[in-house]
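**Q** Quick check, what structure comes out for this input:
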Amino acid sequence: MKKLCIIPARGGSKRFPGKNVAKLGKKPLIFHTIDATLGLFDRIIITTDSTNILELVKNEYASYSFSNETELLFHHRDPSLATDTSKVIETVKTLQQENQDCDEIWLTLPTCPLRTRADIQEAQKLLTPQVDTVMAVTEYEFPPSLGMVRGNGGHLISYDYSDPWRTGNTRSQDHPQILRPNGSIYGTTKESFEKYQSFYHGKVKGYFMPRERSVDIDTKIDFKLAGVLYEAQRKQHGA
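**A** Predicted coordinates:
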């Protein structure tokens, strides 16, 4: 079974310019994801529209020696697949078509730097012949059933049909645990991807990750939070 891992790193970001190369600890953000995946896949493709990111990654990893014959490839993405409205799944579709010899397709986003190699390995174990897709999930920080939305005239109304704020059922521990994808790991089989063209179809299994490893960086605030958690993890492991 040949495993393909795609690491997409778009150069443009309006909310956090240059986030994929911002230094977390002492290395660029994207390096954390590359380091976590090395040796766990038969082929790893770093795809970006940015010449700067491409050169940075090449300079660091082009001479990497793989004892297990893992291929590390660098792909310059077409600008049409790297706009503000582009979806990463379109890039995955393109690369999957170009790598038909791979039996599994995995996606690991560089904006989720706190996932570990062990997280990836455990997620890989879940992709069995009886499963179409595996994705990393974590719990919502606040129960969605306690959420509110703005109604007519800007008045607040309950998001959930149970209307907990009116009934008094407002203890968070009394509400069911709702999971969400954390963006760090997605995996599917070649057959399932060609059938569904998606990472969420068929029989889907979730690999649970705690919130402290589930930060997905979209803004500078997310990045600061990731920095605090990263340093805490380093101290915990004596690094």
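**Q** hey, where'd the helices end up in the chain?
**A** Per DSSP state H, the chain carries helices over the ranges 29-37, 51-61, 88-98, 117-126, 164-167, 190-196, 220-236.
**Q** Just say which of those is most tucked in.
**A** A comparison of those by mean neighbour count, using mean count of other Cβ atoms under 10 Å, puts helix 29-37 on top with a mean of 22. In this view, the C-beta of every residue, glycine as well, is placed from N, C-alpha and C.
**Q** hmm, back to that, now tabulate the helices of the chain in TSV and tack on distance to Arg43 and mean pLDDT.
**A** Putting the helices of the chain into TSV (distance: least, Cβ to Cβ, whole Å; pLDDT from 0 to 100) gives the following:
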stretch	distance to Arg43	mean pLDDT
helix 29-37	11	96
helix 51-61	14	94
helix 88-98	10	95
helix 117-126	14	98
helix 164-167	48	94
helix 190-196	13	96
helix 220-236	28	93
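**Q** hey, which strand is longest across this protein?
**A** Assignment by DSSP state E gives strand 179-189 as the longest strand of the chain.
**Q** So Val134 sits against Pro181, correct?
**A** No: the criterion here is Cβ atoms under 8 Å, and Val134 misses it with Pro181 at 10.9 Å.
**Q** of the two, who's got more company?
**A** More neighbours surround Val134 than the other of Val134 and Pro181, with 26 against 16 (other Cβ atoms under 10 Å).
**Q** who are the neighbours in contact with that one?
**A** Ala123, Gln124, Leu126, Leu127, Ile185, Tyr186, Gly187, Thr188, Val204, Lys205, Gly206, Tyr207 (Cβ atoms under 8 Å, 6 or more residues apart in numbering).
**Q** Now flag whichever of the residues you listed is closest to Arg234.
**A** Ranked by distance to Arg234 (Cβ to Cβ), these are led by Ile185 at 21.5 Å.
**Q** distance of that closest one from Arg213?
**A** 11 Å (Cβ to Cβ, to the nearest Å).
**Q** just Phe223 next, same as before
**A** 15 Å.
**Q** Check Pro176 too.
**A** Distance from Pro176 to Arg213, by Cβ to Cβ: 22 Å.
**Q** circling back: what strands line up against the longest strand of the chain, and which way round?
**A** strand 104-107 (antiparallel), strand 133-139 (antiparallel) (DSSP bridges).
**Q** Now mean pLDDT and distance to Lys27 too, for the ones you listed, in TSV please.
**A** Compiled in TSV, those are given as follows (pLDDT from 0 to 100; distance: least, Cβ to Cβ, whole Å):
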stretch	mean pLDDT	distance to Lys27
strand 104-107	98	21
strand 133-139	98	22
